[in-house]
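Colleague: Have a look at this fold, sequence not included:
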């Protein structure tokens, strides 16, 4: 019998159980996968705790994985058994040895990208793609600030933005993470626990500020991030690792220089099949040419997902984390 990590209630890591799981045969428009690697992401924590409610319980967590097509349902013509594929996004259900998934959410993997690489990069990499091309089209000469620069998304953003010719400023939590960020193309790593990052950004930019801030931290960094922007700069709040951002008076955006503010999601940017394919195509291209290298910082057995969640929440992980079914 196939196995999966299921939750029957929301809460801490202890609610995750390693249980028998039979995904059944694929229905019309679906594909059944044998999974070789599963990605761990902070949104999985939000689903586990109930911050982002799942459609129903019990549920299988996880939005990212890679593996091999076992069988296809009726009306599926794009994939066949034996194809190597990956995915990122809804519906959840990745924390499983085998699963069924709508074929229109799958992406064919190039030969040069392994399942473990794919599981460590699809959600983060396509997130980086919409940040750099959708929320604010980064070009040569732009100055950007990325929080958690040594993390999964941050590591990719640093490399990709540097490849585009941007000057990259990033916040990190330790000297070791500063070195990781620097090696990934971050021109100015900032130890946020030791200095006021907004003042440091202003010093680096000669008082002008950056063109865009990418903030996945949330409550702890949001207001200071606004102070890092140039007039008419863009604030991209795409996560809340430190907690939800408190309600604000939108007049503050005018007071701080007619700022733009967006709260995007990968699901919105890749809702259409053509947009999903475009995000994946651009990501595969920069990875295959070596402009972006995917760092798998740590792996865990899928059955040990609770420990992986504890380490992720405790900020003990670096780069991408992959769970092995």
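Modeller: Cool, the structure landed. For clarity, every value in this text was computed on a predicted model and none was experimentally measured. Residues are numbered from 1 along each chain as shown.
Colleague: Now do the same contact list for residue 15.
Modeller: With contact set as CB atoms under 8 Å, 6 or more residues apart in numbering, residue 15 has these partners: 7-9, 48. (Glycine included, C-beta is placed from N, CA and C.)
Colleague: what do you get for residue 21?
Modeller: 1-4, 6, 60, 96-98.
Colleague: Which per-residue confidence value corresponds to it?
Modeller: Note on residue 21: pLDDT of 96.
Colleague: State the distance from it to residue 101.
Modeller: 14 Å (CB to CB, to the nearest Å).
Colleague: repeat for residue 270
Modeller: Counting by CB to CB, the gap from residue 270 to residue 101 is 14 Å.
Colleague: mind giving me the domain ranges of the chain?
Modeller: 3-121+294-324, 124-267 (automatic domain parsing).
Colleague: Would you state the helices of the stretch 51-200 of the chain in chain order?
Modeller: Using DSSP state H, counting those that start in this stretch, the helices of the stretch 51-200 of the chain run over 115-119, 122-130, 152-164, 175-183, 197-204.
Colleague: Same list (those) but as TSV, adding mean neighbour count.
Modeller: What follows is the helices of the stretch 51-200 of the chain, written out as TSV (neighbours: other CB atoms under 10 Å):
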stretch	mean neighbour count
helix 115-119	25
helix 122-130	26
helix 152-164	26
helix 175-183	18
helix 197-204	18
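Colleague: right, so of the ones you listed, which gets closest to residue 274?
Modeller: helix 122-130 (13.7 Å; CB to CB).
Colleague: Please name every helix or strand in contact with that closest one.
Modeller: Applying 3 or more CB pairs under 8 Å, 6 or more residues apart in numbering; DSSP states H and E, we find helix 122-130 packed against strand 30-40, strand 64-72, strand 84-88, helix 152-164, helix 266-269, helix 273-288.
Colleague: again, 10 Å this time
Modeller: The contact analysis (3 or more CB pairs under 10 Å, 6 or more residues apart in numbering; DSSP states H and E) places helix 122-130 against strand 30-40, helix 42-49, strand 64-72, strand 84-88, helix 152-164, helix 266-269, helix 273-288, strand 320-324.
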